[in-house]
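Visitor: show me how the following folds:
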Amino acid sequence: MTSSSRTGGQILVDQLITHGVEQLFCVPGESFLAVLDALHDASIEVTVCRQEGGATMMAEAQGKLTGKPGVCFVTRGPGATNASAGVHIAHQDSTPLLLFVGQVARDALGREAFQELDYGAVFGTMAKWVVQIDDPARVPELVSRAFHVATSGRPGPVVIALPEDMLTEAATVADAQPYAVTETHPGAAQIAELQQRLSQAQRPVVILGGSRWSEKASRQFADFAAAFSLPVYCSFRRQMLLSADHPSYAGDLGLGANPRMLERIRNADLVLLVGGRLSEVPSQGYELLSIPQPKQALVHVHADADELGRLYRPALGIHATPQAFAEAVATLRPAQVAAWQAETKTAREDFLRWSDPSPIRIPGPLQMGEVMKHLREVLPADTIFCNGAGNFATWVHRFWPFRSYASQLAPTSGSMGYGLPAGVGAKRLWPQREVVVFAGDGDFMMHGQEFATAVQYGLPIIVVLLDNAMYGTIRMHQERHYPGRISATQLKNPDFRGYAEVFGGHGERVTSTEEFGPALARARASGKPAILHCLLDPEAITPASTLQSIRKAALAAG
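Guide: Okay, the predicted model is just below:
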């Protein structure tokens, strides 16, 4: 702790160190040169990125993996608006994130100066808190508050605006104390009521989601699920919360979900929802549970009291973090053998059949079922899989068995372009972990420039790029609603193998199933960031459908 005179920029960097920040991401700007200068001699590792959206997604990915706020710096105006995609992801994914944004000098505020923005107005609906620091003496106070806001209750993004003249002004002020996350614990009476409800249930199910989890909490909940033989489903893009090898694991509530799983949840008499909100995608368009009164008895556990009863009225609402709740239930044991034990076994068998890639056949010489089978055979169980948005992601979500906590990076907000920056953020954080990015051709080009960042920092991520020369998801919906009328969905793509090579990475072109395994082996052996440019038949729009069959069904329906 120091109370000597320092510039606002130096005070700010000292606060980041105080709060345990070891890495940050940025696209540099003249609006925060004083911060860049203070970082020159600091212990914080800085990753320089190529676009603010990618930089913010890298920071968000680290927040998602660690539960600690990811940190990103961008410049004012265009830099801030570019970064907004990452802020929106952090909001909908409940990820702690701090976005520091340069601002015009204080004496120019309100004049629509060069690149000036009203950050409260721009980010107010997608950030938990937006603040502008006008006095360097208040930097410790407001940065400390930002860390606490970003991590408390339902975590999320905080945007901090930094007037450039404030950063060069000196002040004498003490550093704040390191932030600490407060865990909200369930009451003993609530745990007793949960156990009573379980003892009376005939068809219970569990749904895990949200944030505020940890590796320890995941293990503790796994013990609880095993003791009670409960069927457990993970929410959309939260499959790493329970190992796919666990005897209770029965699938994920994503897009194109297993119909047998959905039927079980609809017919359940008790739903234990832990950590998640059961928003639009996992609720299958808000149809899985009735709003506001579910027909199933709902026990909803959430770290933010405002989420309890917001959409679904719970029979039992428990205001607790997933970590505290998992610790509370880990030692519970049923009074008798669960009446639903056989049903849990059947649910598990349904999942194993649904997630088996072996029988999947699609048009074209590149069979993605076989590709997924090969990945399952050769990659480590703790491989971190990253993806953005598009039909291509179904191959990962349905056929990769997530078996390790903090091994999945995917945006529940459905933001395209997320996979590559997320992979960079993950590899920068844990260089010893294998990182695989799944991307579509349209998805990849949203933030493809961050491949240069991977090369610059020597991050050997593997990008499996599925190229069907179109915005596939939109084309699929187009064929359903306007069959045969193709408009604004076709793409002409570069040679992505050459793209990787000219950036200084490793590139492979894959046109058939037989070529994939050797290409992957060469990419992994190269020690470089790599792109496997996989040419996919355009008709192979999902694992179960073709464009032709979708169009035919739409025309038949009139």
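Visitor: can you show me the helices along the stretch 401-550 of the chain?
Guide: Secondary structure of the stretch 401-550 of the chain, counting by DSSP state H, counting those that start in this stretch: helices at 419-429, 441-446, 451-456, 472-481, 496-502, 513-526, 547-557.
Visitor: quick one: which of the ones you listed is nearest Thr18?
Guide: With Cβ to Cβ, the closest approach to Thr18 among the helices of the stretch 401-550 of the chain belongs to helix 419-429: 20.2 Å. C-betas here are computed from N, CA, C, even on glycine.
Visitor: from the middle of its chain, how far away would the closest one be?
Guide: 11 Å (Cα atoms, centre = their mean, to the nearest Å).
Visitor: highest mean neighbour count out of the helices of the stretch 401-550 of the chain?
Guide: Among the helices of the stretch 401-550 of the chain, helix 419-429 has the highest mean neighbour count (mean count of other Cβ atoms under 10 Å), at a mean of 30.
Visitor: coming back round to it: could you dump the helices of the stretch 401-550 of the chain to CSV with distance to Gln177?
Guide: Converted to CSV, the helices of the stretch 401-550 of the chain look like this (distance: least, Cβ to Cβ, whole Å):
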stretch, distance to Gln177
helix 419-429, 25
helix 441-446, 40
helix 451-456, 34
helix 472-481, 47
helix 496-502, 46
helix 513-526, 44
helix 547-557, 58
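Visitor: how far away is Arg6 from Ser144?
Guide: Using Cβ to Cβ, to the nearest Å, Arg6 is found at 16 Å from Ser144.
Visitor: strands along the stretch 101-250 of the chain, start to end?
Guide: Shown for the stretch 101-250 of the chain, the strands assigned by DSSP state E, counting those that start in this stretch span residues 129-132, 157-163, 170-172, 204-208, 232-235, 249-253.
Visitor: circling back: turn the helices of the stretch 401-550 of the chain into a markdown table, including distance to Arg154 and mean pLDDT.
Guide: Below are the helices of the stretch 401-550 of the chain laid out as a markdown table (distance: least, Cβ to Cβ, whole Å; pLDDT from 0 to 100):
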| stretch | distance to Arg154 | mean pLDDT |
| --- | --- | --- |
| helix 419-429 | 21 | 98 |
| helix 441-446 | 27 | 96 |
| helix 451-456 | 30 | 98 |
| helix 472-481 | 28 | 94 |
| helix 496-502 | 38 | 98 |
| helix 513-526 | 38 | 98 |
| helix 547-557 | 37 | 93 |
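Visitor: minimum distance to Gly254: which of these has it?
Guide: Across those, closest to Gly254 is helix 472-481 (Cβ to Cβ), at 13.4 Å.
Visitor: convert the C-alpha atoms of that closest one to CSV, please.
Guide: Extracted C-alpha coordinates of helix 472-481, given in CSV (Å, rounded to 0.1, in the frame of the first residue of the first chain):
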residue,chain,number,x,y,z
GLY,A,472,-25.4,-21.9,-42.9
THR,A,473,-27.7,-21.2,-40.0
ILE,A,474,-29.5,-18.3,-41.8
ARG,A,475,-29.7,-20.4,-45.0
MET,A,476,-31.3,-23.2,-43.0
HIS,A,477,-34.0,-20.9,-41.7
GLN,A,478,-34.3,-19.3,-45.1
GLU,A,479,-35.1,-22.7,-46.6
ARG,A,480,-37.7,-23.3,-43.9
HIS,A,481,-39.6,-20.0,-44.4
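Visitor: so what pLDDT did the residue nearest to Gly254 when sequence neighbours are not counted get?
Guide: Residue nearest to Gly254 in three dimensions, not counting chain neighbours: Phe236, with 4.6 Å by Cβ to Cβ, 6 or more residues apart in numbering. Phe236 is assigned 96 on the pLDDT scale.
Visitor: wait, Phe236 touches Val281, no?
Guide: Yes - contact criterion Cβ atoms under 8 Å: Phe236 and Val281 qualify, at 4.4 Å.
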